[in-house]
Every structure is written in C-alpha cells, then in structure tokens.
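*Asks:* just to be clear, the model below is a prediction. Sequence and coordinates:
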Amino acid sequence: MKVLVATEKPFAAVAVDGMRKVIEEAGLEFELLEKYKSADELKAAAANAEAIIIRSDIINADILEAAPKLKIVVRAGAGYDNVDLETSKAQGVVVQNTPGQNSNAVAELVFGMAVMAARNSYNGTSGTELRGKRLGLQAYGQVGRNVARIAQGFNMSVSAFDPYCPDEVMTNDWVKPLHSVDDLYSGNDIVSVHIPATPETRKSIGYFTITNMPLGGVLINTARKEVIDEDGLAKALRERPDIKYLADVKPDNADALKAEFGDRVFFTPKKMGAQTAEANINAGIAAARQVVAYLKNGENRFQVNK
C-alpha cells in the first residue's frame, strides 16, 4: 500500500525522514511529492495512493476522484477546511487531522504578535506592557489553551468564549468563561481568534464586533482569513484609529490595509503559525503514525468527516 506525502510547502527534512521511517517500518510504500506546481501533478501522484498526508494542500473533489484507491487523508495540523469533507465521506475516504501537534507553535506566534502590537512595531515610540492586560480567546481548543498558559506567565487576566467547551474546563485552567461574543470583545484589551472557518463563522468578525473593543484594542488572528469581514475590518480601523489588527492569515485586501493603516496592521507573508522545526516534526510524524494505525489496525480516533 502506498502512502503519498504531498506538500507544496515541504516538511523539514528531519520530519520527512521520520515519516519515511514510520511508514516503511510498517511495510508500507512511501512516496514524496514536494513543491509541486499544479493540481495535475498532485492528481497523477495520488492515482495509486491508499493514503495521503498533506499540510495546507487542497484535497478537493477532483483530487479525490483521481484517487480511486484512496482510503485515508491526514492533514498534518489542526485545521482541515482544505479538504472536501462531503465528497471524501461519500467516497468512503476517512479524513483525519493531528490536533495539538502545532498548538504551542501557534500560541508562541500569538505572543510574538502581541508584544509587537504593544511596542508599536518597535518604531521608536513608547508602547505598553502586556502585564495586567486582559486577553480574550475566541475558542478554547488546543491552541487557545496554550495561549492561556503563556498569558498567565505574563500576568495577564484571561477569559474565553467557546460554546462547545464546558465552563469547568476553562475554570480549571484559571480562565474565565464568557457566554457571548459581545462580552469577549467589549471586555478585553487583546482578542486572539482561534475559530475554524465554517458556514457559521465566515465573515462573523466585522465592523460591529471590532468596534466593540475598548480603547487601544488589539485583534490577533492566527486562525483563518475567512472568519474576518474584510470590508468591516477596514471600516473599523478607519473609524477607530486606536485599534490594531495582526494576522497570520494575509487578507485579500492586505495591500490596501497596509497602505492606509501602516503599522497598525501586520500580516505574515505566508501562514507561519506551524512553521517551527518542532511543530513540523511533531505533526508530520503524528500523521504518519495515524496513517499506519488506520491502514493496519483500523484505528480512527481523529476522524473529522464522520
């Protein structure tokens, strides 16, 4: 059985070596496709694959239909909106993610951005400290929990809004549970976004949400660009010159925002949250182990398209 590792943005070499070892020691065939330039290359490589491991690569209906032997797709990372879940389920293809493997890396990036915002992008002017500031988390999954852990080391007060997370999970971590988006944005100096892009959340953060923030509010988005209403964001930044927006997910109107608002906005050139050697290795090897566990033993703990 062939396992295809298909990554337009390659894993670190040490991660590839680890994945190869896990897969070949299980008696499976390992194939690597890196830095491919078109979907046709991915289709050709997937044609005889029983399993595919990806990062941010797109697995849509065309790819799935071109891979008749495919049994499982594992997204090395937490988010999985780059995989067509409906078509994969219809074709009997299991889709999994590797939750938690990138969480600390993303959380540390949040704080890199928070310090950058507090110090006015290091432009020589006086900034503020994070100590004593109020941090709100929009979603309290693995990344949110790591952000909360780090925030407490900065002596920040932390609250979170997540309707899918029991209050006691938050309170056990010394995090205050909130029960509305309004309370999250109005009651925190910094809000860090960790929600997935779903029909419910797309463009859910816009003008009224952002302008509900207190004076000097900072919005940090290391989740998905689709959850932001970009027109509403621009309007909010225009009317509230005290607000800043930093994102690991470059918006479609990034150039216009940067030209108009300068250092009040910051965007990484590509998604950088999981771009650490440790996260790269952890997620890749976890994906390889999950593929082996499924193909050999039917283990399916992390399926996301049930």
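*Replies:* Thanks, I have the structure now.
*Asks:* can you list the low-confidence ranges for the stretch 101-250 of the chain?
*Replies:* For the stretch 101-250 of the chain, not a single residue meets the criterion pLDDT under 70.
*Asks:* that one: helices as residue ranges?
*Replies:* For the stretch 101-250 of the chain, applying DSSP state H, counting those that start in this stretch gives helices covering 103-118, 142-153, 167-172, 181-186, 207-210, 230-239.
*Asks:* to L32, which of those lies closest?
*Replies:* L32 sits nearest to helix 103-118 of all the helices of the stretch 101-250 of the chain, at 22.7 Å, using Cβ to Cβ. Glycine gets a C-beta too; all of them are placed from N, C-alpha and C.
*Asks:* run the angle between that closest one and helix 142-153 for me.
*Replies:* Helix 103-118 runs at 50 degrees relative to helix 142-153, counting by axes from the mean of the first three to the mean of the last three Cα atoms, to 10 degrees.
*Asks:* what residues does helix 103-118 touch?
*Replies:* 78, 122, 127-130, 133, 135, 142-143, 145-147, 149-151, 154, 190, 192, 218, 220, 222, 244, 246, 248, 266, 272-276, 278-279 (Cβ atoms under 8 Å, 6 or more residues apart in numbering).
*Asks:* repeat that for 6 Å
*Replies:* 127-128, 130, 142-143, 146-147, 150, 190, 192, 218, 220, 222, 244, 246, 273-274, 276, 279 (Cβ atoms under 6 Å, 6 or more residues apart in numbering).
*Asks:* and for stretch 150-160?
*Replies:* Defining contact as Cβ under 6 Å, 6+ apart, one finds that stretch 150-160 is touched by 107, 111, 130-131, 133-137, 140, 148, 170, 175-176, 178.
*Asks:* rewinding a little: can you put the helices of the stretch 101-250 of the chain in CSV and add mean neighbour count and distance to L64?
*Replies:* Output for the helices of the stretch 101-250 of the chain, formatted as CSV (neighbours: other Cβ atoms under 10 Å; distance: least, Cβ to Cβ, whole Å):
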stretch, mean neighbour count, distance to L64
helix 103-118, 21, 28
helix 142-153, 21, 27
helix 167-172, 13, 35
helix 181-186, 18, 35
helix 207-210, 19, 36
helix 230-239, 18, 30
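*Asks:* mind putting those helices into JSON lines with distance to L42?
*Replies:* Shown next, in JSON lines, are the helices of the stretch 101-250 of the chain (distance: least, Cβ to Cβ, whole Å):
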{"stretch": "helix 103-118", "distance to L42": "26"}
{"stretch": "helix 142-153", "distance to L42": "28"}
{"stretch": "helix 167-172", "distance to L42": "39"}
{"stretch": "helix 181-186", "distance to L42": "38"}
{"stretch": "helix 207-210", "distance to L42": "37"}
{"stretch": "helix 230-239", "distance to L42": "29"}
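*Asks:* those: which one's closest to F261?
*Replies:* Across the helices of the stretch 101-250 of the chain, F261 has its closest neighbour in helix 230-239 (5.2 Å, Cβ to Cβ).
*Asks:* elements contacting that closest one?
*Replies:* Helix 230-239 is packed against helix 207-210, with contacts defined by 3 or more Cβ pairs under 6 Å, 6 or more residues apart in numbering; DSSP states H and E.
*Asks:* which of the contacts of helix 103-118 are buried? Put it as a ChimeraX command.
*Replies:* Entered in ChimeraX, the line below selects the buried ones among those, by 16 or more other Cβ atoms under 10 Å:
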select :130,142,143,146,147,150,190,192,218,220,222,244,246,273,274,276,279
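*Asks:* look up how far V94 lies from the residue nearest to the spatial centre of the chain.
*Replies:* Nearest to the geometric centre of the chain sits A223, at 4.4 Å (Cα atoms, centre = their mean). As judged by Cβ to Cβ, to the nearest Å, A223 and V94 stand 24 Å apart.
*Asks:* what does L64 give?
*Replies:* Taken as Cβ to Cβ, the span from L64 to V94 is 12 Å.
*Asks:* what's the local residue count around the closest residue to P214 other than its chain neighbours?
*Replies:* Residue nearest to P214 in three dimensions, not counting chain neighbours: D189, with 6.3 Å by Cβ to Cβ, 6 or more residues apart in numbering. Using other Cβ atoms under 10 Å, the number of residues around D189 comes to 21.
*Asks:* do I have it right that D189 meets K133?
*Replies:* Yes - here D189 reaches K133: they are 4.5 Å apart, a contact under Cβ atoms under 6 Å.
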